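Undergrad: requesting a structural model of the entry that follows:
(one chain, ligands or ions: 1)
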Amino acid sequence: MSENKIIDGKEFAERLRARIGVLAGEFEAKAGRKAGLAVVLVGEDPASQVYVSSKGKQTVAAGMNSFEHKLAADASEEELLAVVASLNADPAVDGILVQLPLPRHMDEQKVIATIDPDKDVDGFHVTNAGRLAVGQAGYVPCTPLGCLMLLEDRLGDLKGLNAVVIGRSNIVGKPMAQLLLSANCTVTIAHRHTKDLADLVRRSDIVVAAVGVPEMVKGDWIKPGATVIDVGINRLPPAEGKTKGRIVGDVDYQGAVQVAGAITPVPGGVGPMTIAVLLRNALVAAYAHEGLTLATADLPEHSI
Ligand SMILES: Nc1nc2c(c(=O)[nH]1)N[C@@H](CN(C=O)c1ccc(C(=O)N[C@@H](CCC(=O)O)C(=O)O)cc1)CN2
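TA: Alright, predicted model coming up:
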């Protein structure tokens, strides 16, 4: 099996972060300040703590300021909204991200709606979702934009390709479908009520799986030569004698890699792109807030 089948998101993300570091340095020289990204964490979900800590470290490593705000799991929604309001008003903060999921007593949509759309580097605000839907410039959710970068890096022009997006979340499935449509693919969004998913996948040149069901997409569903993007990060129960279970994606990797033309592994595929694109969005926000133009030379079309 050719090594070249594997789409190495970790390596791509490293290259993107290095480029962002250079552009963040240029920003500091021009603006007389560093770009700033604020991340808000509510509660103690272990995975969220790891992601927030990585975001902080990678932000600083890229030459930007990182502002971390941690609230207790039983903090009120009003407290969280007050933190977001203070970040909206802070000129040192270019991008704001509230780590999801939030505790059950908080209304995620209400919290996201409070973020200034021009600081919404997650691209979750309805204003940015609307901009994406009508093809206007705005912030695009990090995971799907990272997937598009990997696809274009591997395939070049996506025009005319049949793409299936499995999953219709606001965070991944819907924006992913919009991005593929903007790239002139013929797009189908599949979900729990879709009939004969296997047949649909067999007719697709691009498969993006974002359902959160371990290894749901089987290897024999994949069209020979298709490109498979696995967004799932599912931790299996630990094997006997182990404390932690293995992480698998939404695709049966061992089966799919035999047939696919290219495939993202889990871990090391889409996941690392999420934070790299977040830094990209934060830097874009900083340039925009200072009315500066961003040099886009020598970067892939969608990378900055
Ligand atoms: N406000 C947001 N909340 C969440 C987002 C988001 O984009 N914005 N996405 C996810 C979590 N996430 C970042 O926040 C994230 C998920 C996964 C990875 C990653 O690098 N995964 C690794 C494996 C990690 C592991 O071993 O557990 C990989 O796939 O290689 C980075 C960031 C939900 N919340």
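
Undergrad: CA only for contacts and neighbour counts going forward, please
TA: Fine.

Undergrad: my guess is Thr264 contacts Ile229, does it?
TA: Yes - contact between Thr264 and Ile229 holds when scored by C-alpha atoms under 8 Å: they sit 5.4 Å apart.

Undergrad: could you pull out the strands in the stretch 51-200 of the chain for me?
TA: Remark: strands of the stretch 51-200 of the chain, listed N- to C-terminal, are 65-71, 95-98, 162-166, 186-190; assignment by DSSP state E, counting those that start in this stretch.

Undergrad: let me see the mean pLDDT of stretch 114-125.
TA: In this model, stretch 114-125 has an average pLDDT of 98.

Undergrad: okay, that stretch in PDB with CA atoms only?
TA: The C-alpha trace of stretch 114-125 is given here as PDB (Å, rounded to 0.1, in the frame of the first residue of the first chain):
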ATOM      1  CA  THR A 114     -23.300  37.200  22.300                       C
ATOM      2  CA  ILE A 115     -19.800  37.000  20.600                       C
ATOM      3  CA  ASP A 116     -19.000  39.900  18.300                       C
ATOM      4  CA  PRO A 117     -19.300  38.300  14.800                       C
ATOM      5  CA  ASP A 118     -16.000  40.100  13.900                       C
ATOM      6  CA  LYS A 119     -14.200  38.400  16.800                       C
ATOM      7  CA  ASP A 120     -16.000  35.000  16.200                       C
ATOM      8  CA  VAL A 121     -13.000  33.100  15.100                       C
ATOM      9  CA  ASP A 122     -14.900  29.800  15.500                       C
ATOM     10  CA  GLY A 123     -17.300  31.000  12.800                       C
ATOM     11  CA  PHE A 124     -20.300  29.700  14.800                       C
ATOM     12  CA  HIS A 125     -22.300  33.000  15.000                       C
END
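
Undergrad: centre of the chain to that stretch, how far?
TA: For stretch 114-125, the gap between its own C-alpha mean and the chain's C-alpha mean amounts to 14 Å (C-alpha atoms, centre = their mean, to the nearest Å).

Undergrad: could you do stretch 259-266 as well?
TA: 18 Å.

Undergrad: measure that stretch end to end?
TA: End-to-end distance for stretch 259-266, by C-alpha to C-alpha, to the nearest Å: 17 Å.

Undergrad: list the contacts of that stretch.
TA: The contact list for stretch 259-266, computed with C-alpha atoms under 8 Å, 6 or more residues apart in numbering, reads 4-9, 219-220, 222-230, 232-233, 247-249, 253, 256-257, 270.

Undergrad: rerun that using 7 Å as the cut-off
TA: By C-alpha atoms under 7 Å, 6 or more residues apart in numbering, the surrounding residues in contact with stretch 259-266 are 5-8, 222-230, 233, 248-249, 257, 270.

Undergrad: element containing Glu26, please.
TA: Under DSSP states H and E, the secondary-structure element containing Glu26 is helix 9-31.

Undergrad: report all helices and strands that that helix contacts.
TA: Where contact means 3 or more C-alpha pairs under 7 Å, 6 or more residues apart in numbering; DSSP states H and E, helix 9-31 is packed against helix 271-289.

Undergrad: from the ligand, how far off is the residue of the chain most remote from its centre?
TA: Among the C-alpha atoms of the chain, the one farthest from their average position, using C-alpha atoms, centre = their mean, is that of Gly241, at 33.7 Å. The spacing between Gly241 and the ligand, counted by C-alpha to the nearest ligand atom, to the nearest Å, is 19 Å.

Undergrad: since that was my last question, I'll sign off now.
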